[in-house]
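Chemist: from the sequence below, what's the structure:
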Amino acid sequence: VALTYGGQPIGTTIGPALEAWEALTTLIEKRGSKSLVDKAILLAGLLLELGGKAPPGLGEEVAREVFLSGKAYEKFKEIIEAQGGNPEIKPSDIPLGKYTYTVKSPLEGAVTHIDNSSITLIARACGAPQDKGAGVKLHVKVGYRVNRDDPLLTLYSNSESRLDSAIKILRENPPILVEGMLLKTLP
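Modeler: Numbers count the residues shown, from 1 in each chain. Sure thing, here's the model as predicted:
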């Protein structure tokens, strides 16, 4: 049994097409969201050790090498082909929701909290997972410094009415908390 932390989103996307886009981009570029790459390598390393493909304690190292060498991407393409898909698919080929809405930071400061439950609720309101192109893309993580009007997240949907519903939920339950850096000035 492997227990992992689930209090914050892993990666930067929520929704089928967005997650596929992020996974494919990460495999091609051999870099991506630290939380996504680290968790994937940790779990892959554990599986390699449990399956006897890596010595105990070295699974993560082996998994990281497979990722960085491009072997993970090549295996991913083989899996796509075995399932009848196009192994040469590019991230730009993945259709995302045609209606979008970007939330911008109301102030300069730091991201102090991201509410995973609220993000999930908003992604579902956009239509995910039934609408494959619907979901949420996070532009920030906890600890990021932001300026006023920096993008915090973008909603995607193929339905204007679903997007409107998601925006309403977002306004009632803001999923990202930005706190200002300046508390008080002294004379």
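Chemist: check the gap between residue 4 and residue 177 for me.
Modeler: With the distance defined as Cβ to Cβ, to the nearest Å, residue 4 ends up 23 Å from residue 177. Placement of C-beta: from N, CA and C, glycine included.
Chemist: out of these two, which sits in the busier spot?
Modeler: Using other Cβ atoms under 10 Å as the criterion, residue 4 and residue 177 rank with residue 177 on top: 14 against 8.
Chemist: name the nearest residue to that one, sequence neighbours excluded.
Modeler: Once flanking residues are discounted, residue 177 sits nearest to residue 113: 4.1 Å by Cβ to Cβ, 6 or more residues apart in numbering.
Chemist: so what's the residue count around residue 168?
Modeler: For residue 168, the tally of surrounding residues (other Cβ under 10 Å) stands at 12.
Chemist: what helix or strand is it located in?
Modeler: helix 160-172 (DSSP states H and E).
Chemist: got any ranges where the chain has weak pLDDT?
Modeler: 181-186 (pLDDT under 70).
Chemist: correct me if wrong, but residue 178 is in a strand.
Modeler: Yes. Assessed by DSSP: H, G, I helix; E, B strand; the rest coil, residue 178 belongs to a strand.
Chemist: bridged to it, which residues?
Modeler: residue 111 (DSSP bridges).
Chemist: any idea how far it is from residue 84?
Modeler: For residue 178, the distance to residue 84 - Cβ to Cβ - is 44 Å.
Chemist: that concludes my questions; thank you for your assistance.
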